[in-house]
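# pasting a predicted model and its sequence here:
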Amino acid sequence: QVHLVESGGGLVQAGGSLRLSCVASGRTRNEYAMAWFRQAPGKERELVSAVTWSGASTYYHYSVKGRFTISRANAANTVYLQMNKLEPEDTAVYYCAAAFGGMKAQQFEYEFWGQGTQVTVSS
């Protein structure tokens, strides 16, 4: 089992920045990919960004490319999502997810989930 706890959400004006953090505990000696998903009201959960264990490979949803940066510090069992130039459309609950092995593309492939953190961007 891997237990995930997110933090860093909040209310920010459009154009502002936030940094989300997700700390993992439990079976953290195994290599695992990590990802950030988000779910806005009335919409399906979508993959925002993902990173491999080594950090060498990353994925970004087209809508956040150039604005968001995912990174991880394995020594601290932590993954970050730096979000810059935030837009009202980024408003959602952001979830951290983990999966043993390589980076996954589908929600169902992630075995472990955090409780979510709310990000609200005002116009």
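The structure has been received and is ready for your questions. Numbering: from 1, shown residues only.
# measure the residue nearest the centre of the chain to residue 99 for me?
Among the residues of the chain, the one closest to the centroid is residue 36, at 2.2 Å (Cα atoms, centre = their mean). Applying Cβ to Cβ, to the nearest Å, the value for residue 36 to residue 99 is 13 Å. The C-beta positions use only the backbone N, C-alpha and C, and glycine is treated the same way.
# do residue 19 as well
As judged by Cβ to Cβ, residue 19 and residue 99 stand 23 Å apart.
# the more surrounded of those two?
More crowded of residue 19 and residue 99, by other Cβ atoms under 10 Å: residue 99, with 19 against 13.
# next, the more buried one: secondary structure please.
Taking DSSP: H, G, I helix; E, B strand; the rest coil as the rule, one finds residue 99 in the strand state.
# that one contacts residue 33, correct?
Yes - contact criterion Cβ atoms under 8 Å: residue 99 and residue 33 qualify, at 5.2 Å.
# so where's this protein uncertain?
For the chain, applying pLDDT under 70 flags no range at all.
# what about the strands in this protein?
For the chain, the strands defined by DSSP state E occupy 2-7, 10-13, 18-26, 32-39, 46-51, 58-60, 68-73, 78-83, 92-100, 112-113, 117-122.
# buried residues in stretch 95-108?
95, 96, 97, 98, 99, 103, 104, 107 (16 or more other Cβ atoms under 10 Å).
# any chance of those residues in CSV with distance to residue 69 as columns?
Formatted as CSV, these follow (distance: Cβ to Cβ, whole Å):
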residue, distance to residue 69
95, 18
96, 15
97, 18
98, 19
99, 20
103, 16
104, 20
107, 22
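# nearest to residue 122, of those?
In terms of Cβ to Cβ, no member of the buried residues of stretch 95-108 lies closer to residue 122 than residue 95, at 21.5 Å.
# distance check, the closest one against residue 15.
Residue 95 is 24 Å from residue 15, by Cβ to Cβ.
# over to residue 88?
Separation of residue 88 from residue 15 (Cβ to Cβ) stands at 10 Å.
# noted, bye for now.
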